[in-house]
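Chemist: Need coordinates for the below:
(one chain, ligands or ions: 2)
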Amino acid sequence: MTETLCFRNIGELIQADATSQPDVRVRTNCALLVTGGRVDKILRESEVKPANRYTRVIDVKGRAVVPGFVDCHTHLVYGGERKDEMVDRVSGVSYLEILNKGGGIHDTVKATRQATEATLYDQAKRRMKRMMALGTTAFEIKSGYGLDLETETKMLKVGKRLRQALKVPVTLTYLGAHAIPRPMKRTQYVEFVLENLPKFRGLADGVDIFCEKNVFTVADLRLVFLQAKLLGFDLRAHVEELSHQGGSYEAARLGALSCDHLEYATPKDIQAMHAAGTVAVLMPGVTLFLGGTKQPLVHSMLDAGVTLALATDCNPGSCPTYNMQTVIYLAANMYRITPGQALAAATYGAAKALGHHREYGGLLPGQRADFNILKTGDHRDLVYYFGENFIDQTFVAGRRVKG
Ligand code: NIG
Ligand code: FE
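Modeler: Ligands and ions are numbered 1, 2, ... in the order given. Next comes the predicted model:
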């Protein structure tokens, strides 16, 4: 017989979907029924039946239940660290100067090429477990630290094994166009990426490109995306992060699921994203860590009706964090958005950026029962007290993974 779990005495149950956008829906004094790993029903507390009618009753004691966080942009499979570079940056050298001199991403490429698949797997698994202990229940993982066929494949294989081992949703993205491997010329490397795209079918779900000054151009993005689209890949892009290049406009016009970073995106780019239903993935941790002062036009995005998503960007160069709670906190306080808007972006919005908002991210009947029980009864604490870990228990497909 299928098990039914009853989570009762929920102080606040947070749901998020298209109709609650850009906010969440807050339900009070209710109970959540989980059957076969999926959300079955939400009941009023007064409708809960005697305990023997359920497989198990869990008393939530007035705490808040929120959808599991969806980290929709990470580079969590990598070798090495970049602490020296961090010290250089705080002393005034810019991220792009370091990259253009052959450091930055190139240092991680060296370390990732050298690492065995087993080492990369063990390290990334440890990172994911720490992320799950902080409330993340679905992930996106990019390649992009190989820039050759062998290492890019090795990274994506690690991602696939992590999905199987940790039994959480993992979306994989081929980010061949992350940097130009020396001594290749840009055009030569773009040719290489285009030629090899078919080899990543079945391994990656999507394709990404870093469109930036002295990295890849809007024309490169167009070439890569047209080919990727023909091959059936989802499209996502690192765009307008450190300068305005117009990649977000082009990516939206080509039907990208998400445009990520967007610090320099203009109202015209935002309109194109709205018209295409492209999600804006914002990563305030990157702005903080790189010491940037430019922030995305978040309120123009909200006014235009663009869906917002949040992500860590977890990587050794521009945002070494595992913590979606920190990101939610930073988003509300840096962008001046409400706790509900930040939480909706970290759940529903992020799931939509991956094309999976029907399957998870909203705690709606029929969806995967991926959720967190907070230590508090008020979800606003997530953006109020900083530096706390508010996760009491985490459930993935109705199975307790923490607490
Ligand atoms: O999303 N902007 C480019 N790529 C990553 C950083 C990668 C790195 O520095 O290792 C980003 O910020
Ligand atoms: Fe990134």
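Chemist: When you work out contacts or count neighbours from here on, use the C-alpha atoms and nothing else.
Modeler: Fine.
Chemist: what number of residues lie near E263?
Modeler: When counting by other Cα atoms under 10 Å, one arrives at 23 neighbours for E263.
Chemist: what's the answer for K268, then?
Modeler: Per other Cα under 10 Å, the neighbour tally for K268 reads 12.
Chemist: Find the closest residue to ligand 1 in this protein.
Modeler: The shortest separation between the chain and ligand 1 is 3.6 Å, found at G317 (distances taken as Cα to the nearest ligand atom).
Chemist: Helix or strand: which one has that residue?
Modeler: Using DSSP states H and E, G317 maps to neither a helix nor a strand.
Chemist: what's it in contact with, if anything?
Modeler: E81, R82, E85, M86, G104, I105 (Cα atoms under 8 Å, 6 or more residues apart in numbering).
Chemist: who does V66 bridge with?
Modeler: Note on V66: beta-bridge partners N372, judged by DSSP bridges.
Chemist: Oops, could you answer that again for D59 instead?
Modeler: Beta-bridge partners of D59, counted by DSSP bridges, are R8.
Chemist: surely it meets F7?
Modeler: Yes. Counting by Cα atoms under 8 Å, D59 touches F7, with 6.0 Å between them.
Chemist: Where do the strands of the stretch 301-403 of the chain begin and end?
Modeler: With DSSP state E, counting those that start in this stretch applied, the stretch 301-403 of the chain shows strands at 308-310, 371-374, 391-396, 399-402, listed in chain order.
Chemist: what ranges do the strands span in the stretch 101-250 of the chain?
Modeler: Taking DSSP E, counting those that start in this stretch as the criterion, the stretch 101-250 of the chain carries its strands at 136-142, 170-177, 206-209, 234-239.
Chemist: Quick check: neighbours of the longest one in the sheet, parallel or antiparallel?
Modeler: Same thing as strand 170-177. The pairing partners recorded for strand 170-177 under DSSP bridges are strand 136-142 (parallel), strand 206-209 (parallel).
Chemist: does D84 sit in a helix, a strand or a coil?
Modeler: helix (DSSP: H, G, I helix; E, B strand; the rest coil).
Chemist: C30 falls within a helix, correct?
Modeler: No. Secondary structure of C30, determined by three-state DSSP: strand, with no helix assignment.
Chemist: what is it paired to in the beta sheet?
Modeler: On the basis of DSSP bridges, C30 is bridged to I10, R44.
Chemist: returning to that earlier point: show me which of D59 and F7 is the more surrounded one.
Modeler: Comparing D59 with F7 by neighbour count (other Cα under 10 Å), the higher total belongs to F7, at 23 against 13.
Chemist: my guess is the more buried one contacts A31, does it?
Modeler: Yes. When contacts are counted by Cα under 8 Å, F7 is listed as touching A31 (5.4 Å).
Chemist: What segments of the stretch 51-200 of the chain are helices?
Modeler: Here the stretch 51-200 of the chain has its helices, by DSSP state H, counting those that start in this stretch, at 83-90, 95-100, 105-114, 117-133, 149-166, 186-196.
Chemist: Residues of the chain that sit close to ligand 1?
Modeler: G104, I105, F210, D313, N315, P316, G317, S318 (Cα under 6 Å from any ligand atom).
Chemist: OK, contacts around the second one?
Modeler: Contacts for I105 (Cα under 8 Å, 6+ apart) come out as L99, Y145, A179, G317.
Chemist: Having no further points to raise, I will conclude here.
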